[in-house]
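Participant: Provided below are the primary sequence and the corresponding predicted coordinates.
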Amino acid sequence: MPLWFLIGSMWISIGRESVRWTHISCGGANANGTLESAEGSAVVKLIVGLGNPGREYEGTRHNVGFVVVDKLAVRHGIGISRNGFRSRYGEGNMAGQRVVLLRPLTFMNLSGEAVLAAVQFYKLSADDIIVVLDDVALPPGQIRLRFKGSAGGHNGMANILNLMHTQEIARIRLGVGPARSGDLINHVLSRFDRQDLPAIQDAAEIAADAAEEAVRSGFEIAMNRFNPSKSRPGPAPEPTPSDLA
């Protein structure tokens, strides 16, 4: 009867006349050079929620990206429990596609380092990324999808665009309202006013719906459906040039 030993990722079977090696697959490149997950399906979308790590930042305006990604994780049974890419992340299936949900641990201003590391590992392009972030230019509870454009003063998004060397990265912006006192930093690092919470909670659900639609049908279709709505989406007109810029 052969004896089996585990060395690294190899099982060794030692019998009377032979030694057999069996490799344990942990994910790798397929014949076409496309990186695959341990489950064998190539990752096609990276959904990044922006925020700051730590309990002191939970529930702040700057962390709504984390909230949306967490909602997607619950909906699709994806555990955001792995450590890597200077992030917490998880792989799973969404709308029939393999996705990675990513929560950078770099703090907001260095979010691009986490995104770039994941993109390089999974061999993705800028077209495969969806970023969910807060936006002080939108009223609380309103969402807006964009194909591309500048960071609009958002340091986390600016770092992503800079390290990816492109402005053509899809994003879902969730309005948190302007700073009343003009102190932007304290505004985004503070928690929502009680009267804004219902709108924010509803908008986070809608933003998660929009991310699912983008994975299922493409970002343009998701943008056409979700951009005009301030609550639940309905029939939408064609996007304006400013939406595409």
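Facilitator: Nice, thanks for sending it over. Numbering: from 1, shown residues only.
Participant: make it CA atoms for all contacts and neighbour counts henceforth
Facilitator: Noted.
Participant: How much space separates the residue nearest to D128 when sequence neighbours are not counted from G182?
Facilitator: Closest residue to D128 apart from its sequence neighbours, by C-alpha to C-alpha, 6 or more residues apart in numbering: K45 at 4.9 Å. For K45, the distance to G182 (C-alpha to C-alpha, to the nearest Å) stands at 37 Å.
Participant: Settle it for me: which of the two has more neighbours?
Facilitator: The residue with more neighbours, out of K45 and G182, is K45; 23 against 9, by other C-alpha atoms under 10 Å.
Participant: so where's this structure shaky on pLDDT?
Facilitator: 1-41, 228-245 (pLDDT under 70).
Participant: Give the buried residues for the helix or strand harbouring R75.
Facilitator: Using DSSP states H and E, R75 sits within helix 64-76. Residues V64, G65, F66, V67, V68, V69, D70, K71, L72, A73 are the ones in helix 64-76 that count as buried (16 or more other C-alpha atoms under 10 Å).
Participant: all strands of the chain, in order?
Facilitator: 3-7, 10-14, 19-23, 45-49, 82-84, 87-94, 97-104, 129-135, 143-146, 170-175 (DSSP state E).
Participant: can you tell me which of those strands comes nearest to L163?
Facilitator: Judged by C-alpha to C-alpha, the one of the strands of the chain that comes nearest to L163 is strand 129-135, at 13.3 Å.
Participant: Just want the angle from the closest one to helix 64-76.
Facilitator: Here strand 129-135 runs at an angle of 130 degrees relative to helix 64-76 (axes from the mean of the first three to the mean of the last three C-alpha atoms, to 10 degrees).
Participant: Centre of the chain to strand 129-135, how far?
Facilitator: With C-alpha atoms, centre = their mean, to the nearest Å as the basis, strand 129-135 stands 8 Å off its chain's centre.
Participant: Output the contacting helices and strands for that strand.
Facilitator: Helices and strands touching strand 129-135, by 3 or more C-alpha pairs under 8 Å, 6 or more residues apart in numbering; DSSP states H and E, are strand 45-49, helix 64-76, strand 170-175.
Participant: show me the contacts for A222.
Facilitator: Contacts for A222 were tallied using C-alpha atoms under 8 Å, 6 or more residues apart in numbering; they are L145, A210, A211, E213, A214.
Participant: What's the separation between the third one and L189?
Facilitator: The gap separating A211 from L189 is 24 Å, by C-alpha to C-alpha.
Participant: Could you export the helices and strands packed on strand 129-135 to CSV, including columns for distance to L197?
Facilitator: Formatted as CSV, the helices and strands packed on strand 129-135 follow (distance: least, C-alpha to C-alpha, whole Å):
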stretch, distance to L197
strand 45-49, 19
helix 64-76, 12
strand 170-175, 12
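Participant: does A137 really touch R173, like I thought?
Facilitator: No: contact between A137 and R173 fails when scored by C-alpha atoms under 8 Å: they sit 9.6 Å apart.
Participant: of the two, who's got more company?
Facilitator: R173 (22 against 16).
Participant: Name whatever forms a beta bridge with that one.
Facilitator: L133, R144 (DSSP bridges).
Participant: need the contact list for it.
Facilitator: With contacts defined as C-alpha under 8 Å, 6+ apart, the neighbours of R173 are V132, L133, D134, D135, I143, R144, L145.
Participant: Of A211 and L189, which one has the most company?
Facilitator: The neighbour comparison of A211 against L189 (other C-alpha under 10 Å) goes to A211, with 27 against 18.
Participant: Pull the contacting residues for the more buried one.
Facilitator: A211 neighbours (C-alpha under 8 Å, 6+ apart): I130, I172, A222.
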